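Undergrad: I'll drop the sequence and a predicted model, then ask my questions.
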Amino acid sequence: MKRLALSALVALGLLAAAPAAWAHTELVGSDPADGATLPQPPTRLTLTFSQPVPAESATITVTAPDGTTWTVGEASASGPTVAVALTPGASPAGRYVVSWQVESLDGDFVSGKTSFSLAPTQGDPNPAQPAPVTTVPGAAGTTSASPTGTSPAGTITLVATAPPTIQSAPAEGGGFPVWGWVVGALVVVAAGVAVALRLRGRSG
């Protein structure tokens, strides 16, 4: 009776342990983490599974946003963790997809994907400068875009000129018109002639 009970306990233990052995392995973690955003390309990738996996069964690829793949080194395993060295190729900013395949303890192969992203760089240290734009005003009173002297290339310098001013010449004789003096002289001469004729008439 005791033997029967002991055999039953052993059988129950085996049945309880069997699902763990029969279950397929699953990915439980990665470095870089799934969905992480990195400032620069990683040089090492690790995948952690729910069961130990043989390193020789691991197949890992890293695909860049432009469709190119990175060079992946030979996999090494330590229990449930598989690690590979990465040699990044073209590394544009964007999402990188890690595809993996490993063998479970039950002999079946399982596969899956994880991803990480590279952040955009800070930009070109010497960004191109836009060409200067020179505006030529069309109204009177123009201004120069540079100080007096030699104008730099690409700059149009306009010099403003004042309109000519026409002034009337002052009249001769302190402002009294000439014809006034002529008329006055004729009046004086006529008066003198009249007086002379009158005096001659009296003397005759």
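TA: Thanks, I have it.
Undergrad: how about the helices in this protein?
TA: 2-22, 178-203 (DSSP state H).
Undergrad: tell me, which of those is the model least confident about?
TA: Mean pLDDT across the helices of the chain is lowest at helix 2-22; the value there is a mean of 47.
Undergrad: Any stretches of this structure with poor pLDDT?
TA: Applying pLDDT under 70 to the chain flags residues 1-22, 123-177, 179, 203-204.
Undergrad: 90 instead, please
TA: Along the chain, segments meeting pLDDT under 90 span 1-24, 89-90, 105-106, 121-204.
Undergrad: tell me the contacts of the nearest residue to residue 94 once chain neighbours are set aside?
TA: Spatial nearest neighbour of residue 94, excluding adjacent residues (CB to CB, 6 or more residues apart in numbering): residue 65 at 3.3 Å. All C-beta spots, glycine's among them, are computed from the backbone N, C-alpha and C. Contacts for residue 65 were tallied using CB atoms under 8 Å, 6 or more residues apart in numbering; they are 92-96.
Undergrad: run the last query once more with 7 Å
TA: Listed by CB atoms under 7 Å, 6 or more residues apart in numbering, the contact partners of residue 65 are 92, 94-95.
Undergrad: With residue 35 instead?
TA: Contacts of residue 35 by CB under 7 Å, 6+ apart are residue 115.
Undergrad: ok, it to residue 99 distance?
TA: Going from residue 35 to residue 99 by CB to CB, to the nearest Å gives 16 Å.
Undergrad: for residue 63, same thing?
TA: With distances taken as CB to CB, residue 63 is found 7 Å from residue 99.
Undergrad: Next: residue 39.
TA: With CB to CB as the criterion, residue 39 and residue 99 are 24 Å apart.
Undergrad: Please say which of those two ends up with more neighbours.
TA: Per other CB atoms under 10 Å, whichever of residue 39 and residue 99 has more neighbours is residue 99, with 15 against 9.
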